[in-house]
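Chemist: sequence first, then the predicted structure:
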Amino acid sequence: EKSNWKERAVEVLQTNASFLLVNHGLGNSSSGLWSKALSASRQLFALPEESKAEVAAGPPTADAPVVRGYFGVGAESGTRASRFECKEGISLAAGERSVRLAPNRLPKDLPPEQLSPLETMPAQLRLLALRLADGIADVAQQRKILIPEDAAFLAGGGDGLEAFRVFHYLPTADRCAGRAPSTAELLWSSDHTDWGSLTIIAQDSSDGGIEIFQDGEYHRVRSQEGALIVNGGDYLELVSHGVLPSPLHRVRESTPTSGRSSLVYFHYPVGSSPLRPSDVKKAQERRSVAPKPKGLVFNTLTDGLETLDEVITYKKHLQRKWMGVRATGPKTEL
Ligand SMILES: O=C(O)CCC(=O)C(=O)O
Ligand SMILES: [Fe+2]
């Protein structure tokens, strides 16, 4: 059954938008690289706030839109008055090209060898994503889900845009109730879709926390020892015309008393992949009628392209979106 993993991946993405991956060689949350990366992340997050602040992520710029570095509790909440994300995290490069584009910012207070799993884990996840994307592109092209051009852009991804983000979600009542505006809902991660081609999640052994919206409700993805969670992203949805969906998901507190850590790798198509006005328009139409929780507004890949009248590259669009999400100062045109 090894040889037909590609077919199975495409089929399960088609029906569930998400699957669990085993036999990947990266260990599990208590052994191998996966567990080493989790313990490195625990050491990092246990550092005093001042040490973490020294490697704080700045706002993205046109030259370095791919942010690196630490963000503190609540920093990614968007409208903090209504939603407060009780998590801290660090964004890291994945793969050599991505390191060259923007070097990592890791705290100096820990020996580099102790933190090195946070650099080897994403490098391995990138290789895994490349194999997955290649296999999925292959089958999707054969089945005419993707045109050959887009299959090639999907398969050739991981050329520098990719990112690795390590999250530490905290017990909301103990750790965030005092910090958040009293009007805010305390949560771990707001409802969203991922903008890339594939996302791979390695979580700790806690009771999970990621929930996927399907058939009108959110379903918790139970953690299964050693299984990586693979989700489709908006790019896959766009170029497959909705055949390979991008799941709406969120992270919610599992047990009120315990936290959660996750290692999340975001894979993207080739930076020069074309986003065509006709595909974008159709994706926007599908998203506008897709089932979602009542009243929910969220930012998806094609938001911001409402007036697109000529092809834009994936990279250029992504750069603009990142500037919009994290910009703290005046917005700069790219
Ligand atoms: O922590 C997780 O399991 C997923 C986080 C997530 O969905 C994201 O950051 O895009
Ligand atoms: Fe996500």
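Modeler: Okay, I see it. Ligands and ions are numbered 1, 2, ... in the order given.

Chemist: remind me which helix or strand Ile90 belongs to.
Modeler: According to DSSP states H and E, Ile90 maps onto strand 87-93.

Chemist: for Leu118, that is, sorry about that
Modeler: helix 117-142.

Chemist: would you mark the buried spots in stretch 81-100?
Modeler: 83-95, 98-99 (16 or more other Cβ atoms under 10 Å). (Glycine included, C-beta is placed from N, CA and C.)

Chemist: end-to-end on it?
Modeler: 37 Å (Cα to Cα, to the nearest Å).

Chemist: check stretch 172-184 too.
Modeler: 12 Å.

Chemist: now do it: distance to the chain's middle.
Modeler: 25 Å (Cα atoms, centre = their mean, to the nearest Å).

Chemist: still on that earlier bit, now the helix holding Leu118: mean pLDDT?
Modeler: The average pLDDT for helix 117-142 rounds to 97.

Chemist: residue numbers of the protein in contact with ligand 1?
Modeler: Selection of the chain residues close to ligand 1 by Cβ under 6 Å from any ligand atom yields 165, 167, 189, 194, 201, 203, 210, 249, 251, 262, 264.

Chemist: ok, the second one - contacts?
Modeler: If a contact means Cβ atoms under 8 Å, 6 or more residues apart in numbering, then Phe167 has 87-89, 189, 251, 260-262, 264 as its contacts.

Chemist: redo that, cut-off 6 Å
Modeler: 87, 89, 262 (Cβ atoms under 6 Å, 6 or more residues apart in numbering).

Chemist: which parts of the helix holding Leu118 are buried?
Modeler: 117-119, 121-126, 128-130, 132-133, 135-141.

Chemist: if we can go back for a sec, can you tell me which of the residues of the chain next to ligand 1 is nearest Thr313?
Modeler: Asp194 (18.7 Å; Cβ to Cβ).

Chemist: name the nearest residue to the closest one, ignoring sequence neighbours.
Modeler: For Asp194, ignoring the flanking residues on the chain, the nearest one in space by Cβ to Cβ, 6 or more residues apart in numbering is Gly233 at 4.3 Å.

Chemist: wait, that neighbour touches His192, no?
Modeler: No. Assessed by Cβ atoms under 6 Å, Gly233 is found out of contact with His192, at 10.8 Å.

Chemist: what sits up against the helix or strand bottoming out on mean pLDDT in the chain?
Modeler: Ranked by mean pLDDT, DSSP states H and E, the weakest helix or strand in the chain is helix 314-326, scoring a mean of 84. For helix 314-326, the external contacting residues (Cβ under 6 Å, 6+ apart) are 59-60, 65, 269, 271, 273, 275, 334.

Chemist: how about 7 Å then?
Modeler: Identification of contacts with helix 314-326 by Cβ atoms under 7 Å, 6 or more residues apart in numbering yields 59-60, 65, 67, 161, 195, 235, 268-269, 271-273, 275, 304-305, 331-332, 334.

Chemist: and if you look at stretch 297-307?
Modeler: Counting by Cβ under 7 Å, 6+ apart, 191-193, 195, 234-235, 238, 275, 280, 283-284, 287, 317, 320-321 sit against stretch 297-307.

Chemist: just give me the closest of these to ligand 1.
Modeler: His192 (6.3 Å; Cβ to the nearest ligand atom).

Chemist: so what's the residue count around the closest one?
Modeler: 16 (other Cβ atoms under 10 Å).

Chemist: who's in contact with it?
Modeler: 249, 298.

Chemist: so what pLDDT did it get?
Modeler: 95.

Chemist: narrow the contacts of stretch 297-307 to those in strands?
Modeler: Of the contacts of stretch 297-307, the ones assigned to strands by DSSP state E are 191-192, 275.

Chemist: compile the residues you listed into JSON lines and extend it with columns for distance to Arg175.
Modeler: What follows is these, written out as JSON lines (distance: Cβ to Cβ, whole Å):
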{"residue": "Asp191", "distance to Arg175": "22"}
{"residue": "His192", "distance to Arg175": "22"}
{"residue": "Leu275", "distance to Arg175": "39"}
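
Chemist: the residue in the stretch 51-200 of the chain that ligand 1 sits nearest to in helix, strand or coil?
Modeler: At 4.8 Å from ligand 1, Phe167 is the closest residue in the stretch 51-200 of the chain, using Cβ to the nearest ligand atom. The three-state label for Phe167, taken from DSSP: H, G, I helix; E, B strand; the rest coil, comes out as strand.

Chemist: quick revisit: out of the contacts of helix 314-326, which are buried?
Modeler: Buried among the contacts of helix 314-326 (16+ other Cβ under 10 Å): 59-60, 65, 67, 161, 195, 235, 268-269, 271, 273, 275, 305.

Chemist: circling back: by pLDDT, give me the weakest of the buried residues of stretch 81-100.
Modeler: Lowest confidence among these: Gly95, with 83.

Chemist: who's in contact with the residue nearest to that one when sequence neighbours are not counted?
Modeler: Excluding its sequence neighbours, the residue lying closest to Gly95 (Cβ to Cβ, 6+ apart) is Arg126, at 4.6 Å. Residues near Arg126 by Cβ under 7 Å, 6+ apart: 94-95, 158, 162, 265.

Chemist: which ones among the residues you listed map onto strands?
Modeler: Per DSSP E, the subset of those in strands is Tyr265.
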